[in-house]
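Trainee: mind looking at a prediction? Sequence and model below.
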Amino acid sequence: MIRNSYIISKDLKLEQIIDRMYLNKNRGLVVLEKKKVIGIITDGEIFKSWYYKKNMSATAGSIMNKSFKFVENKNRERVKKIFSQQTCTFIPVVNKKMVLVDIINLDDFFLKKRKITW
């Protein structure tokens, strides 16, 4: 299930990004352009933007991570491997055209707070 609280556009300003991230409580957001995933923003990107003295009018497009982990077709073993080896709290699920299909978060995957259908 794709939750709107995870999704932002590349034009969203840093101040709004911080507000949205606080509300979604998963330390990350997916940046979309024309329904395609073009990057993600985590609390790490927020920290880097402060470190490099970006102002609050910086956009998601200027601070997003373009080299992010994702999966196609909800490959359970790949998801497990990414969560086990990386420090991410969510993984975008995309189709072959990079269109967002779902978002799997760490709690849902390992603690099964919501039923994940594969």
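Mentor: Now that the structure is in, tell me what you want to look at.
Trainee: if the nearest residue to residue 3 once chain neighbours are set aside is in a bridge, with which residues?
Mentor: Once flanking residues are discounted, residue 3 sits nearest to residue 103: 6.6 Å by C-beta to C-beta, 6 or more residues apart in numbering. All C-beta spots, glycine's among them, are computed from the backbone N, C-alpha and C. Beta bridges link residue 103 to residue 92, judged by DSSP bridges.
Trainee: can you classify the residue lying farthest from the centre of the chain by secondary structure?
Mentor: For the chain, the largest distance from the centre (C-alpha atoms, centre = their mean) belongs to residue 53, which lies 22.6 Å off. Three-state call for residue 53 (DSSP: H, G, I helix; E, B strand; the rest coil): coil.
Trainee: what stretches of this structure score poorly on pLDDT?
Mentor: Within the chain, the ranges that satisfy pLDDT under 70 run 1-2, 112-118.
Trainee: helices of that one, start to end?
Mentor: Applying DSSP state H to the chain gives helices spanning 14-24, 43-51, 60-63, 76-85, 106-111.
Trainee: deepest of the ones you listed, which one?
Mentor: Of those, the one with the most neighbours on average (mean count of other C-beta atoms under 10 Å) is helix 60-63, at a mean of 18.
Trainee: now that one, how far from the chain's geometric center?
Mentor: Centre-to-centre, helix 60-63 and its host chain are 13 Å apart (C-alpha atoms, centre = their mean, to the nearest Å).
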